[in-house]
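Student: Quick one: sequence and predicted model below, then my questions.
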Amino acid sequence: MNHKKIGDVVLDVNNISLRFGGVNALTDISFDVREHEIRSIIGPNGAGKSSMLNCINGVYTPQQGSITFRGQTFSHMNSRQVAEMGIGRTFQNLALFKGMSVIDNIMTGRNLKIKSNILMQALRIGPAEREEIAHREFVEHIIDFLEIQAHRKTPVGQLPYGLQKRVDLGRALAMEPQVLLLDEPMAGMNVEEKQDMCRFVLDVNDEFGTTIVLIEHDMGVVMDISDRVVVLDYGKKIGDGEPEAVRNSEDVIAAYLGTSH
Amino acid sequence: MAFFLETLIGGLMAGMLYSLVALGFVLIYKASGVFNFAQGAMVLFAALAMARFAEWFPGWTGIANPVLANIAAFVFAGVLMFIVAWLVERLVLRHLVNQEGATLLMATLGIAYFLEGLGQSMFGSDIYPIEIGMPKDPVFLFDKVFPGGILVNQEDVVAAGVAAALVIALTVFFQKTKTGRALRAVADDHQAAQSIGIPLGRIWVIVWCVAGAVALVAGMIWGSKLGVQFSLTTIALRALPVVILGGLTSVPGAIIGGLIIGVGEKLSEVYLGPYVGGGIEIWFAYVLALVFLLFRPQGLFGEKIIDRV
């Protein structure tokens, strides 16, 4: 696992606190993510994992704290800006464009990169046509990579769950993200589908050098593929480090198994 | 035979106007998943603006050229519809991101009543003519084939041409451009669309603008046929069965649905009317829509509703 080179800190989360009314979803959370690593966030249900991603992604605005991405510090992120800076994400509960085909779904991920103007696109002239073809080629690469060639024209709503998860990943990959936020990519999958998804995540990390922030429930998966792990419980950070260290931490064991005291 | 064809053509022309209004519904539904009750009010508002401005234009500028006045009025009404779209996004939709469809539907009901009131207090509530110089004389076609030929309104033919051009442009826009793709994406899932960097606000302004432009064209054609009056808003109700028939998400569906209903109304009135006592024209569309809801709820061309349990 450690053959790849892990770089400097790209994403630095500082003292984030998020409240919904009286509920403290996140309390004073700090952690960093280094370039090219797979950084997992784990914790029991309701620990605040998805809230954390939503703060990074600009869906939620934390009351306190800041997020630094490539040297720029933000007190809150804006969805559009986040996408432009190269942070992509997938969703825990599928959020695909169900009526559109697999290709169109993944093409939407290229939208920010299409530069020709709308009139030229409509008339398919010159540069617009070339640009569309180039983007289409990129999308075909992703489809090959995720092994969903046979379904490229199928409306996404008709695909089985495991494949929909792949399309979700494909759409995020189409943005050529530097950092990819994966919200439970393996939830609800059978063993075989999980293995496939694991392979894709590792390949993305390996081949494209994409930094990955992963939320996952399956302990086996997390311990296998992560470089470092953050553990949350009731919105507080109770562990941070390499998988081995985290696995043996008393606080973490207590949070997962309960203690007798 | 000639009489049948005349009825048929009359039906097609009426249907085309339903199609234009239905198109506005479909556009907004496709791009935001909102059933926009305000489409009828937008037609009235746009038509009122156009009619009144063309009337005031010579008085304000001293230019008595009717063509110029109409062009200026069209641009003015277009700008006004853009402002409406922008305000709707700014004041209403922006605050309802990620909300339930029903919430957005109620919001558009509010917009509908507001626009109806505003339109009439700004522009008055009488019947106003729109004179855009469409040829009014009927012509006779095929008088060699049929005795007496077929009577066709030239005005209707021009209107049909305008509608066809509009539909082709919109289809290309939705299918071939990245904005079109973004619009379809937003319709399916707000949050996912945001995550890939699609700016919801701008998309909504664009789609309400397009719907406003369609409303303007529809209002202009209706207005030049029948005069601009409050009853234009009730045309929106006629367009409801059209979108059910054609499918809420389909541009071609809106067109074909409109034509079917237009033709069906006229033919049933003429040929079935005498047997059941007439008045079919009024309820024909709704009964057809009910039948469709029973047997094919997604309409002729709508996206099939897929739900996993």
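Tutor: That came through fine.
Student: In which helix or strand does residue B:80 reside?
Tutor: Here residue B:80, judged by DSSP states H and E, is contained in helix B:66-87.
Student: got the buried residues for that helix?
Tutor: Within helix B:66-87, the residues scored as buried using 16 or more other C-beta atoms under 10 Å in any protein chain shown are B:69, B:70, B:72, B:73, B:74, B:76, B:77, B:78, B:80, B:81, B:84, B:85. Every C-beta, even on glycine, is put in place using the N, C-alpha and C of the backbone.
Student: what do you get for stretch A:74-87?
Tutor: A:77, A:79, A:80, A:82, A:83, A:85, A:86, A:87.
Student: Which residue would be the closest one in the stretch 151-300 of chain B to chain A?
Tutor: residue B:197 (2.8 Å; C-beta to the nearest C-beta).
Student: Dihedrals phi and psi, that residue?
Tutor: phi 90, psi 20 (degrees, to the nearest 10).
Student: Assumed residue A:177 was part of a helix.
Tutor: No. Assignment of residue A:177 by DSSP: H, G, I helix; E, B strand; the rest coil gives coil, placing it outside any helix.
Student: so who does it touch?
Tutor: A:86, A:87, A:88, A:210 (C-beta atoms under 8 Å, 6 or more residues apart in numbering or on different chains).
Student: Nearest residue to it in space, please, no chain neighbours.
Tutor: residue A:88 (3.4 Å; C-beta to C-beta, 6 or more residues apart in numbering or on different chains).
Student: Spell out which helix or strand contains that neighbour, please.
Tutor: strand A:87-89.
Student: ok, that strand: who's next to it in the sheet?
Tutor: Using DSSP bridges, strand A:87-89 pairs in its sheet with strand A:179-183 (parallel).
Student: would residue B:51 count as being in a strand?
Tutor: No. In this structure, residue B:51 is helix, not part of a strand, as judged by three-state DSSP.
Student: Give me the nearest residue to it, chain neighbours excluded.
Tutor: Using C-beta to C-beta, 6+ apart, the nearest residue to residue B:51 is residue B:128, at 4.0 Å.
Student: burial of that neighbour, as a residue count?
Tutor: Other residues lying near residue B:128 total 18 when counted by other C-beta atoms under 10 Å in any protein chain shown.
Student: Can you find the helix or strand of chain A with the lowest average pLDDT?
Tutor: helix A:118-123 (a mean of 71; mean pLDDT, DSSP states H and E).
Student: could you list every residue that touches the residue of chain A found nearest chain B?
Tutor: Per C-beta to the nearest C-beta, residue A:83 is where chain A lies closest to chain B, at 2.8 Å. With contacts defined as C-beta under 8 Å, 6+ apart, the neighbours of residue A:83 are A:112, A:175, B:194, B:195, B:196, B:197.
Student: What backbone torsions are found at it?
Tutor: The phi/psi pair for residue A:83 (degrees, to the nearest 10) is phi -60, psi -40.
Student: What distance do you get for it to residue A:62?
Tutor: Relative to residue A:62, residue A:83 is positioned 19 Å away (C-beta to C-beta, to the nearest Å).
Student: With that, I have no additional questions.
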